[in-house]
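>>> Fold the following.
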Amino acid sequence: QARFDRLRYVEIKHGRICQLAFLGNIITRAGIHLPGNIDTAGDSFDSYPNGFGALFGPDAIPQDGRLQILFFIGFLELFVMKDVTGQGEFVGDFRN
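You can find the predicted model right below:
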């Protein structure tokens, strides 16, 4: 039962992450971007392409920006998206 609960926990967690990624992709493809600049050089959020084009290609986000995204995801994984109190009503209950 413990192994099954762990697998369910991981599946729910990754499912939620995939839903957020899909929603973010749909929103940016609809032309909705954050206002302002993404860096101190003056590049705006909408100056980068959508989808995989934002990571690979001639107009991609710079390497430092991709590392920041990776570290932010790691931070969320390790410190935010977990059952901190241990009192969840069910497996995958991240309400904290």
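>>> Read off the pLDDT value for Gly88.
Predicted confidence (pLDDT) for Gly88: 69.
>>> go on, the one 4 residues further on?
pLDDT recorded at Gly92 is 68.
>>> Please apply the same query to Asn25.
Asn25 is given a pLDDT of 90.
>>> List the buried residues of the helix or strand hosting it.
Per DSSP states H and E: Asn25 is located in helix 2-29. Buried residues in helix 2-29, defined by neighbour count with 16 or more other C-beta atoms under 10 Å: 9, 13, 28. To be clear about C-beta, it is placed using only N, CA and C from the backbone, and glycine gets the same treatment.
>>> Just give me the closest of these to Glu89.
Tyr9 (13.2 Å; C-beta to C-beta).
>>> In contact with the residue nearest to that closest one when sequence neighbours are not counted: list those residues for me.
Among residues not flanking Tyr9 along the chain, Val91 sits closest, at 4.9 Å (C-beta to C-beta, 6 or more residues apart in numbering). Each residue near Val91 by C-beta atoms under 8 Å, 6 or more residues apart in numbering is listed here: 5, 8-9, 12.
>>> again, 10 Å this time
4-13, 83 (C-beta atoms under 10 Å, 6 or more residues apart in numbering).
>>> May I have the secondary structure class of it?
coil (DSSP: H, G, I helix; E, B strand; the rest coil).
>>> Next, count neighbours for His33.
When neighbours are defined as other C-beta atoms under 10 Å, His33 has 15 of them.
>>> How about the one 3 residues further on?
For Gly36, the neighbour count with other C-beta under 10 Å is 7.
>>> Surely it and Ser47 touch.
No. Assessed by C-beta atoms under 10 Å, Gly36 is found out of contact with Ser47, at 11.5 Å.
>>> returning to that earlier point: just give me the closest of the buried residues of helix 2-29 to Ala21.
Nearest to Ala21 among the buried residues of helix 2-29, with distances taken as C-beta to C-beta, is Thr28, at 11.0 Å.
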